[in-house]
Every structure is written in structure tokens, then in C-alpha cells.
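J.: build me a model from this:
(one chain, ligands or ions: 2)
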Amino acid sequence: MPWTPGSQHSADECGRYCSSTYYPGCWIGELSGCSYDSSNTLYCDYTPTHCAPPPCGRLPAGIRCADAAEPVAAAAWLEGAAVFAFEALERELSAHRAPVGLIERARSARKDEKRHHRAMTALAARFGAAVQPVELEPVGIRSLLEVAVENAVEGCVRETWGAAVAAFQGECAADRAVRRTMRAIAVDEAEHAALGWAVDGWARWKLSAEERDEVDAARISALAGLVENTVKSQSSEILGLPGPEASAKMLAGLRPIWIA
Ligand SMILES: [Fe+2]
Ligand SMILES: [Fe+2]
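T.: Ligands and ions are numbered 1, 2, ... in the order given. Below is the predicted model:
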């Protein structure tokens, strides 16, 4: 490579040496350039373009995507984001006079996510990775349709998938601490997924036929996005993250849940 040490290069120039997208498990980054340092090492730079689904749990409205990070730190950041997602869900369920049982489950899920955030932050520290703070734009109370559409994507699709991936990691991670942490998280995430479906069932009852179609379309579209992203997923032996093949098998098994 005829580049001078210390030089910076554009995405076009770097495309020969860096992959065009970076997919550490929880978001997608697009190649923005690269630099070549004095020790002859090439660093590829990526700009996060999308907080991607798997295995990401629930993201709140107004979230500002963090920079791409090491996978455990990214997962810890997502657990922190889920705390805000359940805080918003509890507030919006109350505003729309949802049954007390659903509101209490959202409150309990928020506490779970705080615990997950602490546990994953500790794991990230073990891997020498720092977790970025979660930043949000303020979002007020939205219509029931907006809440239901978001719930279909974040709860019914992403948290259901997140629960399956956490269970997979709990069994397959080569690192014992990761296995132990993910087993505990998987149990909670399965309840969060069940809560997502319960919210879906309640909201559906209050929505018009057209609005229900909109919720269904959002769920199907989120599933398509999930399938597309898992094709690019990177497996990790230490973390037990499923690669494209294992993900495809899990998706096929779960498909009847999403497409009735
Ligand atoms: Fe979580
Ligand atoms: Fe969750």
C-alpha cells in the first residue's frame, strides 16, 4: 500500500481494504474513511447509521445512536437504553389507561433493565471496554397507535429475538461469566417479550381495523429488517453470539410467533 504513515483517506479510497459496513451486533456502521498510522496499521472508521436489531432488546423513542463499540459494551449500552424504553412505556400505558397489570409489568421490566445494564457494564469492564452514556431527545405522550406500532417493533419483534439470542448465549458462550450473565438476562427478556405481546393484545382491542393493519405491517417490516441484519451478523465464540446460520435456524423456529 503506497500510503504515507499518518495519512487519512476517504471511504472510496479505503473501500479496497475495509469492509463497507461494520456490524458489531447491535448497529450498523457505514465506512466513512480510514487512517494509516506510523506503525503501519490501518484503522477503518465507521459512522453509525442505524441502531440495528439483533440482539438488542427495546430501544426508546428519541434515542441518539451511540458510536460503534465493542459488542459487550454495545450490549450494555442497549440495556441502558431499555431502561428509558420501559420508563416511557409505563408512562404511556398509564396515559392510555391500560390495565394495572401491564403498567406494573413495565415498571418491573425497567428494574430488570437497570440490573442488566449493571451486569453488562461489569462484563464490558472485564473485556476492557467502556460503555457510552445513553442520550435521548425528550418525547411526550404519543397516540395509542404510535405506542402500539413501536411496541410491535421493539417488543414483539426485537425483545422476542433478544430473549432468544440471550438464551443462545447463555448456553453457547465460551466465557463462563458471559454464560452466567446471559442465562439470568434471558429469563427476564422472555418476560419482556411476553409483555410486548400482552401490550399488543390490549392495544389491538382498542384500535380500529385500519390501525391494527398498520401495527401488523410494522411488525412484518421489522421482521424483514431482522432477517436482513442477521444475515450480516458476526458470530462470537467467547460471547456465544449466533452467526448467520444459527440465526437463520432460530428465526425459522420463531417465525410462527410473528406471522400468524
Ligand atoms: Fe435487558
Ligand atoms: Fe428487555
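J.: just to check, residue 59 is in contact with residue 80?
T.: No. Using CB atoms under 8 Å, residue 59 is not in contact with residue 80, being 10.7 Å away. C-beta: built from backbone N, CA, C; applies to glycine.
J.: list the buried residues of the helix or strand containing residue 117.
T.: Per DSSP states H and E, residue 117 falls inside helix 100-126. Buried residues in helix 100-126, counted by 16 or more other CB atoms under 10 Å: 102-103, 105-106, 109-110, 112-113, 116-117, 119-121, 123-124.
J.: ligand 1: which of these is nearest?
T.: residue 116 (3.7 Å; CB to the ion).
J.: find the nearest non-adjacent residue to that closest one, please.
T.: Nearest non-adjacent residue to residue 116, counting by CB to CB, 6 or more residues apart in numbering: residue 79, 4.0 Å away.
J.: count the neighbours of the one you found for me.
T.: 27 (other CB atoms under 10 Å).
J.: same check, this time on residue 70
T.: Other residues close to residue 70 by other CB under 10 Å number 16.
J.: nearest residue to it other than its sequence neighbours?
T.: Nearest residue to residue 70, sequence neighbours excluded (CB to CB, 6+ apart): residue 129, at 4.0 Å.
J.: tally of neighbours for the one you found?
T.: 17.
J.: and if you look at residue 66?
T.: 21.
J.: pull the contacting residues for it.
T.: 48, 74, 77, 132, 134, 135 (CB atoms under 8 Å, 6 or more residues apart in numbering).
J.: now with 6 Å?
T.: Listed by CB atoms under 6 Å, 6 or more residues apart in numbering, the contact set of residue 66 reads 77, 132.
J.: so it versus residue 192, what's the distance?
T.: Going from residue 66 to residue 192 by CB to CB, to the nearest Å gives 21 Å.
J.: same check on residue 112?
T.: Distance of residue 112 to residue 192, computed by CB to CB: 7 Å.
J.: residues in contact with both of the two, list them for me.
T.: Counting by CB under 6 Å, 6+ apart, nothing touches both residue 112 and residue 192.
J.: which helix or strand contains whichever residue of the chain sits closest to ligand 2?
T.: Using CB to the ion, the closest approach of the chain to ligand 2 is made by residue 192 at 3.6 Å. Per DSSP H and E, residue 192 falls inside helix 176-206.
J.: what packs against the next helix or strand after that helix?
T.: Sequence-wise, the next helix or strand downstream of helix 176-206 (DSSP H and E) is helix 209-231. Applying 3 or more CB pairs under 6 Å, 6 or more residues apart in numbering; DSSP states H and E, one finds that helix 209-231 contacts helix 144-151, helix 244-258.
J.: quick check: angle from helix 209-231 to helix 144-151?
T.: Following axes from the mean of the first three to the mean of the last three CA atoms, to 10 degrees, one obtains 20 degrees for the angle between helix 209-231 and helix 144-151.
J.: can you check what angle separates helix 209-231 from helix 244-258?
T.: Using the same axes, to 10 degrees: helix 209-231 against helix 244-258 is 170 degrees.
J.: pLDDT of helix 209-231, averaged?
T.: The average of the pLDDT scores along helix 209-231 is 88.
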